[in-house]
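Chemist: pasting the sequence and the predicted model now:
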Amino acid sequence: MAIQATPDKLLGILRDTIVGTVRRDGPDLSARQFGVFLICYIEDAQHTVRGLAARLEVSKPAITRSLDRLEELGLARRGPDPRDRRSVLVQRTRKGNDLLADLRNLLTVASKARGGGTTRDDSTAVSMGA
């Protein structure tokens, strides 16, 4: 059953998903790091620091710091662009793919709880095991 995408339902799904990521045994990412991560994993394109900076409308050093953290956590890695040695490509990792699968699961649970006829108190959030 598809949910009606009202702002309150969407915010509830977002909140439940974020709370689920906090509760799970895994890395905490900033909003910028999540943005970089999601762009790299959802959009089927080759991503560069320059391209990510333009896409997110932030500086290249801000993207570099985000990628430093994602690399530190094993969620992304950087490699040379064979077409332009001055450029660096962001590459996906298995650990990053696993995180994306976890996020999809959290979103599915949260959206079912919000739109599948289940009424939930706003103080209740989705946990990883739900």
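Modeler: That came through, no problem. Numbering: from 1, shown residues only.

Chemist: check which residues of whichever strand or helix holds residue 15 are buried.
Modeler: Following DSSP states H and E, one finds residue 15 within helix 7-23. Neighbour counts over helix 7-23 (16 or more other CB atoms under 10 Å) mark 12, 13, 16, 17, 18, 19, 20, 21 as buried. Quick note: C-beta positions are derived from backbone N, CA and C, even for glycine.

Chemist: excluding residues flanking it in the chain, which one is nearest residue 77?
Modeler: Once flanking residues are discounted, residue 77 sits nearest to residue 91: 5.0 Å by CB to CB, 6 or more residues apart in numbering.

Chemist: how far off helix 7-23 does the longest helix seen in the chain point, in degrees?
Modeler: Identified as the longest helix of the chain according to DSSP state H is helix 94-115. Per axes from the mean of the first three to the mean of the last three CA atoms, to 10 degrees, the angle that helix 94-115 makes with helix 7-23 is 140 degrees.

Chemist: what pLDDT, on average, does helix 94-115 get?
Modeler: For helix 94-115, mean pLDDT is 92.

Chemist: and it, how far from the chain's centre?
Modeler: Averaging C-alpha positions (CA atoms, centre = their mean, to the nearest Å) puts helix 94-115 10 Å from its chain's average.

Chemist: before we move on, what about stretch 35-49?
Modeler: Centre-to-centre, stretch 35-49 and its host chain are 10 Å apart (CA atoms, centre = their mean).
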